[in-house]
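Participant: pasting the sequence and the predicted coordinates here, then a few questions.
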Amino acid sequence: MKRLLTTLCLTAAFTSTAATLETSLFYSSELDTPTSEVNISKQVIGWYYGIDVANRTYQKAGVDLTIKPTAIHAKNEITPTMTASQARQELGFQDILGELTETTGHIVVALGVQQGFTLADAKGISSEDKYDEPMIRFIGLSYDVLLDSQAPYNASVLAHEIGHTLGGVHSAGESSWANYAYPADTTTPCNDGYPSLMYAYTVPDWEELIDISGSSTCPADGTANMVQLFNTYGPKAELQHPLANNQSLSITVTEDINAQQFSFTVERVNTDATESGTLYIASHKQSPNLNAMEIYFDADEVSSSEIRVNFEDIYPLFDTATDNFSVYAVAKTSKEVSAKLTDIMDVNTLWVPAPVIPDTSEVSVSNPLEEMEQNSGGSLSWFGLLCLIAFTRFRLPSGASSNLSNQ
């Protein structure tokens, strides 16, 4: 009986309460113009992609937290040349002044220009007492960062910044209240050999979901247990802002081979009035652009007007899709949003990838050490570059700036 009670107590101690946090996306209204250098469809798809990666990362590590989209807003007060940090701060000031009246959810994500090597930043939480009052969290996110096919590991940046908004930090020295909030790093990596989620630097050869300190495959380093932090403070954060539960738009995609088009129809739940909305289609950062498209709903109608997109406009995106980044669609109205990405390539039956032509040319093999000696007059050789990468990955210089900021 004593053993049974002990087992039950331990089970209760490690059982977490499921939590849901909703997030909104804010960007400069100038991005809605067709001539904008920043394609808003890619930014919206990237945000959804980052949410998906965050949820899969948390689930894999045993974090009982789900992130959901809740709103997408164009904002006149944000300019397209603001840095991600400046855009975040602008919205934070509006919140303090009571001027942020849009639907925000628990976490506001503001888009802006990348500043130096900083991909994103977040307003951290300075005291556990902050959980005793209503609160909106703010993240600044650089354009395109979540959909970079040349750096797919950057897709975990949103999951990292959400950790900051709950109290997670890069190192033990930064923590003032939740001592288990710092990560395993290159000194004490996870079982896969890589640092955990809250490490201050993205790891440039990561291709899988990153681990989190405190998971079964990333044992806590001392008090470094981000899984415990997420599961402890995620439910508390949920209580700080009401849930909208408005992830109710659904997209139907049909392939019309005769017309050489894909047709898109969006269904809504709130049918009270005539309403317009937006359909976004995009793939990764390096793929061609498609402009956002307006959809319309008549009063009392569930289904939107049909949007038809020619194969010749979609296929260039298919041509550049990768294993990590397919071609996706999402939609929004003023009251509802898509719950998740719709993969357009799942509907395709006609398009096929171009055949891969093998390279039959002869490749000369040389000694990199000899090349290093021959090219020592100022250029960085391949071998030297590998050495530099290895050194910077495992021996970060003191005073090096993080590309993941917590302010």
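Facilitator: The structure has been received and is ready for your questions. Numbers count the residues shown, from 1 in each chain.

Participant: which residue is the nearest non-sequential neighbour of residue 18?
Facilitator: residue 64 (4.7 Å; C-beta to C-beta, 6 or more residues apart in numbering). Every C-beta, even on glycine, is put in place using the N, C-alpha and C of the backbone.

Participant: let me see the contact set for the one you found.
Facilitator: Shown in contact with residue 64 (C-beta atoms under 8 Å, 6 or more residues apart in numbering): 16-19, 58, 230-231, 234.

Participant: skip the chain neighbours and tell me the closest residue to the most centrally placed residue in the chain.
Facilitator: When C-alpha atoms, centre = their mean is applied to the chain, the residue found nearest the centroid is residue 50 (2.1 Å). Spatial nearest neighbour of residue 50, chain neighbours left out: residue 158 (3.5 Å); criterion: C-beta to C-beta, 6+ apart.

Participant: now the one helix or strand the one you found maps to: mean pLDDT?
Facilitator: Assigned by DSSP states H and E, residue 158 belongs to helix 157-165. What helix 157-165 shows for mean pLDDT is 96.

Participant: can you name every helix or strand that that helix contacts?
Facilitator: helix 40-61, strand 107-112, strand 120-122, strand 137-142, helix 226-238, strand 404-406 (3 or more C-beta pairs under 8 Å, 6 or more residues apart in numbering; DSSP states H and E).

Participant: buried stuff in stretch 322-331?
Facilitator: Buried residues in stretch 322-331, counting neighbours by 16 or more other C-beta atoms under 10 Å, are found at 325-331.

Participant: so which residues make contact with it?
Facilitator: Contacts with stretch 322-331, where a contact means C-beta under 8 Å, 6+ apart, come from 44-45, 48-49, 147, 149, 152, 155, 207, 249, 251, 253, 264, 266, 277-284, 287, 295, 304, 314, 317-318, 321, 337-338, 340-345.

Participant: return a PyMOL selection command for the buried portion of those.
Facilitator: The following PyMOL line selects those of these that are buried, judged by 16+ other C-beta under 10 Å:
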select buried, resi 44+45+48+49+147+149+152+155+249+251+253+264+266+277+278+279+280+281+282+283+284+287+295+304+314+317+318+321+337+338+340+341+342+344
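
Participant: need the buried residues of stretch 322-331 in CSV with pLDDT and secondary structure, can you?
Facilitator: Listed next are those as CSV, based on pLDDT from 0 to 100; DSSP: H, G, I helix; E, B strand; the rest coil:
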residue, pLDDT, secondary structure
325, 96, coil
326, 97, coil
327, 98, coil
328, 99, strand
329, 99, strand
330, 99, strand
331, 99, strand
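
Participant: residue 81 and residue 113 touch, don't they?
Facilitator: Yes: Residue 81 is within contact range of residue 113, at 6.2 Å (criterion: C-beta atoms under 8 Å).

Participant: now the strands for the stretch 151-300 of the chain?
Facilitator: Secondary structure of the stretch 151-300 of the chain by DSSP state E, counting those that start in this stretch: the strands cover 250-256, 261-267, 275-282, 293-297.

Participant: now do the last one: which elements does it pack against?
Facilitator: This means strand 293-297. Packing partners of strand 293-297 (3+ C-beta pairs under 8 Å, 6+ apart): strand 275-282, strand 307-310.

Participant: re the thing from before, what angle sits between the helix holding residue 158 and strand 137-142?
Facilitator: 150 degrees (axes from the mean of the first three to the mean of the last three C-alpha atoms, to 10 degrees).

Participant: what's the weakest-modelled helix or strand in the chain?
Facilitator: helix 368-374 (a mean of 29; mean pLDDT, DSSP states H and E).

Participant: between the helices and strands packed on helix 157-165, which gets nearest to residue 270?
Facilitator: Residue 270 lies closest, by C-beta to C-beta, to one member of the helices and strands packed on helix 157-165: helix 40-61, at 20.2 Å.

Participant: immediately after that closest one, which helix or strand?
Facilitator: strand 65-75.

Participant: so what are the sheet partners of that next one and their directions?
Facilitator: Looking at strand 65-75 with DSSP bridges, its partner strands are strand 19-28 (parallel).

Participant: using CSV, list the CA coordinates for the strand it pairs with.
Facilitator: Extracted C-alpha coordinates of strand 19-28, given in CSV (Å, rounded to 0.1, in the frame of the first residue of the first chain):
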residue,chain,number,x,y,z
ALA,A,19,-2.6,24.5,-21.9
THR,A,20,-3.6,26.5,-25.0
LEU,A,21,-2.1,29.9,-25.9
GLU,A,22,-3.5,31.9,-28.8
THR,A,23,-1.2,34.1,-30.9
SER,A,24,-1.8,37.0,-33.3
LEU,A,25,0.3,38.4,-36.2
PHE,A,26,0.8,42.1,-36.7
TYR,A,27,2.6,43.7,-39.7
SER,A,28,2.9,47.1,-41.5
